[in-house]
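Engineer: Attaching a predicted model along with its sequence, questions to come.
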Amino acid sequence: MAKLHVTTSVNGEPVEFLCEPYETMLDALRGQLGLTGSKEGCASGDCGACSITLDGRLVCSCLMLAAEAEGHEIRTIEGMAKGDRLHPLQQKFLEHAALQCGICTSGMLVASEALLAKNSNPTEEEVRFWLAGNLCRCTGYDKIVRAVMETAAEMRETHT
Amino acid sequence: MNVVNNKWIGQRTIRPDGVDKVTGRAAFAADTTMPGMIWGKVLRSPHPHARIRSIDTAKAEALPGVKAVVTARDIVDFGIEKGAVMLGIQDMRWMCRNVMARDKALFPGHPVAAVAATTEAIAAEACKLIEVDYEVLPWAIEIDDAIKDGAPILHEFNKFDGKPSNIMGRIESKKGDIAQGFKDAEIVVERSFTTRPVHQGYIEPHACLISVAADGKTTIWSSSQGQFMVRAMTSMLTGIAQSDIRAIPAEIGGGFGGKTIVYLEPLATMLAKKSGRPVKMVMTREEVMRATGPTSGSKSTVKIGAKKDGTIVAAHGSFYLQAGAFPGSPIRGAVGCSFAPYDIPHVLSEGFDVCSNRSKVAAYRAPGAPIGAYAVECVLDELAEALKMDPLALRLKNAAKEGTKAAHGPVFPRIGYIETLQAAQSHPHYAAPLGKLQGRGVASGFWFNAGGESSAQVNITEDGNVVVTTGHPDIGGSRAGIANICAELLGIDYKRVSVIIGDTQTVGFSNLTGGSRVLFASSMVVTQAADKVIATLRERAAKLWEIDPEAVKWENGAAHPVSPNAGQFEPLTLADLAEKAPSQGGPIGASVQLNTQGAEGGFGTHICDVEVDPDLGIVRVIRYTAVQDVGRAVHPSYVEGQLQGGVAQGIGWALNEEYIYNKDGKVDNPGFLDYRMPVCSDLPMLDCALVEVPNPKHPQGVKGVGEVPLVPVMAAVANAVHDALGKRFYSLPMSPPKVSEALDAPAQQAAE
């Protein structure tokens, strides 16, 4: 079977790659693009460890075909910090100890950023339901929810 | 002398591995590649129980792209008749058969062969070409089916009560005479309980990347709860000497006990050896669910007798735990921990290890203890209700304390159990009002905690900073705790301390990350190493000042004369002394290797509020407070994290998680959609109350904290459900179908 040629944008950079028709976006990211920050916990869209955004929309990259990236904009955890300047969510996750093993952290952060882009003032319930697609087995979510809410509060202050 | 000002211990510092983990840079087991790397896949038994008559791999080997095939013939055989060969708690006779089935496949998912090929797709295709001739045998999944007369026997050599049996062993803890004790009792409550197997649920599937050179030099990159365990087991199962195996610990994406044994590493090693190429293997989630972990399902009966004033006089527990395909269920945890929080004169606690056609169980957070505590703490709740006593008051009246002899042997030193009960009693949560269909439950729990072998190196860099190397994979933030302690001892900013996990060939032997031992043991060796470093630093300063080392103190990261009498000198900082090191005797550093002693058990008491939706049968936890004696909270955020994580796992165990088997004896829910672990919207904030009764046998007062938090949870939730509904459940999980059924049944029936 012939490979497909895909032209896309990953974290603001133009990217070209070849993929099998059945290959997932997660396979392409972790494989030939060398972006292993997105993790495979289930390959069935249930754990969210592979969360990325496609044109700003939160998706599980394990449920997206690599070929579907053609002409779209992909963002991953690797694009969240600007050089050595962490995104406020990343900083707040560190301060709140909102991570333990770290395997879910990339997906949690990408999902949280997508939430705050839509809703700058989420309630605890909104945070919990938005992140319900991101499994964490270490933290019980408590510190994650606090970190997201506090980041939202600080970002609102900075922007007003 | 070393003057510490307690600046860093107890601080919520940024973890050393934090930035790597929030930026996606941290390298987990599946995140690396090697030049020339190929892919390995496992062929697994589709049958719960089958004799393997033959395996023909010829067609698979002939497929273009296939580089190697291995079967049980390539794995070292530990003969059953030759007796146990133990590595830690694992018997290599079972390990060699678990990683690759020999004469029999004992559960669906049991590996029977493995293939390495140039792509994953070719490896998977090759697995399908392997012809296995199975003689399918009758099977047993549940405990009752495995122990009844005429049950299919998994291990024909085994006898119990003189007959072939799937009961592989029995242990007991005993104190006093329960017959006498129950005679003295004025009230007796006896109940039976069942729990289902639950998986540890780490989000990172097992994975490894292994290279074997022509001379046998082997490099293993994998995530586990012990790179030394990986090295030793791989060595024993492949015949390669430990000195030739460098096991490098990748970041571990969750373990909870489930990564204390190997599955893939011996297979990948043999595939790499045969093919001459580095081999990468990554399990799918389905493979994780079918073939790794979980912890035991169980059936238990607990009987407790008391006087009318609430004094408990006798207790009897019998705990049947599923081991899965091979012996080794965590009966010791169930038997030893269940009654440990209480001072009871007459106790008999018995455990039975039951094999059945399920995947071999692996450790899961305080293995066995939550199963026992669920039964005991639910019976105590009924006892309190019958005695019209507050359940915390009943526990306080009978609480173990310093001097209490536990049924499992030890006489407790100073412990903090009573403090946890008092803290729970006075916590605002305990007095908060409850609404309709809401209820509150409490429960306590105990875990042994472990010490054991640890090694560490503390090296001063040429620019005067510090690198600490320990031998324990960090699953919960132990590097952050070590950084705090080392910064404290050396009197420098924690950011100047870099903490890394060494591989097997660069740091001394360190036992598993398990038993809640890592911060206890590694901070003990790091403290001794730091003390040696400080002694060297004081000697160096003394030499430069030409005074006695005893006249030099270490304070705030610098050597000072102990008093003006010792002389007038400008302080020499760590950086000063590092700079002068080449001319003053060379590099500064120390390594310490110990078999650490003095880990004391841990106790916790939990309060849980639930609300029941009577239409849907859904139980929601609406408030939760975990109180625990944590010894010393070196990094409070990660101590709380342990409590919160354990509670979340317990809530899943109590309310939703279970393996569901189909009529063919196969797991029917091998994925995260149907194996329902708690998600963010299922849980409330999880409050923690840290009680600190320092461990007198540890330099910083550290006690293990990671496992206790799972022990009380299921009972706390069950007792809360009873308080909400007036009905008791004697089996887990209390999932919506079961709750709905109970709510639809007449009240009397549900109480039976």
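Structural biologist: Perfect, I can see it now.
Engineer: Quickly note the distance from the residue nearest the centre of chain A to residue A:61.
Structural biologist: The C-alpha lying nearest the average C-alpha coordinate of chain A belongs to residue A:110 (C-alpha atoms, centre = their mean; 2.8 Å). According to C-beta to C-beta, to the nearest Å, residue A:110 and residue A:61 sit 10 Å apart. C-beta coordinates here come from the backbone N, C-alpha and C atoms, glycine included.
Engineer: who touches both of the two?
Structural biologist: Common contacts of residue A:110 and residue A:61, defined by C-beta atoms under 8 Å, 6 or more residues apart in numbering or on different chains, comprise A:51, A:52, A:76.
Engineer: Not counting its neighbours along the chain, what's nearest the first one?
Structural biologist: Okay, so that is residue A:51. Nearest non-adjacent residue to residue A:51, counting by C-beta to C-beta, 6 or more residues apart in numbering or on different chains: residue A:107, 3.8 Å away.
Engineer: Ok, residue B:485 next?
Structural biologist: Distance criterion C-beta to C-beta, 6+ apart; nearest residue to residue B:485, sequence neighbours excluded, is residue B:523 at 5.0 Å.
Engineer: Name all residues that make contact with that neighbour.
Structural biologist: Applying C-beta under 8 Å, 6+ apart, we find residue B:523 in contact with B:481, B:482, B:485, B:634, B:698, B:699, B:700, B:702.
Engineer: Double-check that it belongs to a helix.
Structural biologist: Yes - Residue B:523: assigned to a helix according to DSSP: H, G, I helix; E, B strand; the rest coil.
Engineer: Report pLDDT for it.
Structural biologist: Listed pLDDT for residue B:523 reads 97.
Engineer: Over to the one 3 residues further on?
Structural biologist: The predicted local confidence for residue B:526 comes out at a pLDDT of 98.
Engineer: Buried residues, the one helix or strand it maps to. List them.
Structural biologist: Counting by DSSP states H and E, the element that carries residue B:526 is helix B:518-545. By 16 or more other C-beta atoms under 10 Å in any protein chain shown, the buried positions in helix B:518-545 come out as B:518-534, B:536-542, B:544-545.
Engineer: Quick check: which ranges of the chain have low pLDDT?
Structural biologist: No chain was given, so I picked chain A. Under the criterion pLDDT under 70, the flagged ranges of chain A are A:1, A:160.
Engineer: The chain in question should be chain B.
Structural biologist: B:746-752.
Engineer: ok, whichever residue of the stretch 451-600 of chain B sits closest to chain A to residue B:666 distance?
Structural biologist: At 5.4 Å from chain A, residue B:476 is the closest residue in the stretch 451-600 of chain B, using C-beta to the nearest C-beta. Distance of residue B:476 to residue B:666, computed by C-beta to C-beta: 33 Å.
Engineer: Looking at those two, which one has more neighbours?
Structural biologist: For residue B:476 versus residue B:666, neighbours defined as other C-beta atoms under 10 Å in any protein chain shown are more numerous around residue B:476 (26 against 18).
Engineer: which residues sit in contact with the more buried one?
Structural biologist: A:100, A:101, A:138, B:518, B:638, B:641, B:642, B:645, B:706.
Engineer: Can you classify the residue nearest to the centre of chain A as helix, strand or coil?
Structural biologist: Residue A:110 falls in the helix class when you classify it by three-state DSSP.
Engineer: which non-adjacent residue is nearest it?
Structural biologist: residue A:51 is the one closest to residue A:110 (C-beta to C-beta, 6+ apart), at 4.3 Å.
Engineer: What residue in chain B comes nearest to chain A?
Structural biologist: Across chain B, no residue is closer to chain A than residue B:24, which sits at 2.0 Å (C-beta to the nearest C-beta).
Engineer: how many neighbours does that residue have?
Structural biologist: If you count neighbours by other C-beta under 10 Å, residue B:24 ends up with 24.
Engineer: Go through stretch B:203-217 and flag the buried ones.
Structural biologist: In stretch B:203-217, counting by 16+ other C-beta under 10 Å, buried: B:203, B:204, B:205, B:206, B:207, B:208, B:209, B:210, B:211, B:212.
Engineer: let me fix that: stretch B:429-438
Structural biologist: Buried, per 16+ other C-beta under 10 Å, within stretch B:429-438: B:429, B:430, B:434, B:438.
Engineer: re the thing from before, in strands, which of the contacts of residue B:476 appear?
Structural biologist: Residues of those located in strands (DSSP state E): none.
Engineer: Would you reformat those residues as a markdown table and include distance to residue B:183?
Structural biologist: Listed next are the contacts of residue B:476 as a markdown table, based on distance: C-beta to C-beta, whole Å:
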| residue | distance to residue B:183 |
| --- | --- |
| A:100 | 50 |
| A:101 | 51 |
| A:138 | 48 |
| B:518 | 46 |
| B:638 | 49 |
| B:641 | 47 |
| B:642 | 42 |
| B:645 | 44 |
| B:706 | 41 |
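Engineer: For residue B:566, list the residues it contacts.
Structural biologist: Counting by C-beta under 8 Å, 6+ apart, residue B:566 touches B:547, B:548, B:551, B:552.
Engineer: Kindly report the same for residue B:672.
Structural biologist: Applying C-beta under 8 Å, 6+ apart, the residues contacting residue B:672 are A:41, A:42, A:44, A:46, A:47, A:135, B:285.
Engineer: List the contacts of the third one.
Structural biologist: So the one you mean is residue A:44. So residue A:44 contacts A:62, A:63, B:285, B:671, B:672, B:673 (C-beta under 8 Å, 6+ apart).
Engineer: Likewise for the fourth one?
Structural biologist: The contact partners of residue A:46, taken as C-beta under 8 Å, 6+ apart, are A:133, A:135, B:671, B:672, B:673.
Engineer: What is the burial count for the residue of chain A found nearest chain B?
Structural biologist: Across chain A, no residue is closer to chain B than residue A:37, which sits at 2.0 Å (C-beta to the nearest C-beta). Residue A:37 is flanked by 26 other residues according to other C-beta under 10 Å.
Engineer: what's the closest non-adjacent residue to it?
Structural biologist: Looking at residue A:37 with C-beta to C-beta, 6+ apart, the closest residue is residue B:24, at 2.0 Å.
Engineer: Lovely, talk soon.
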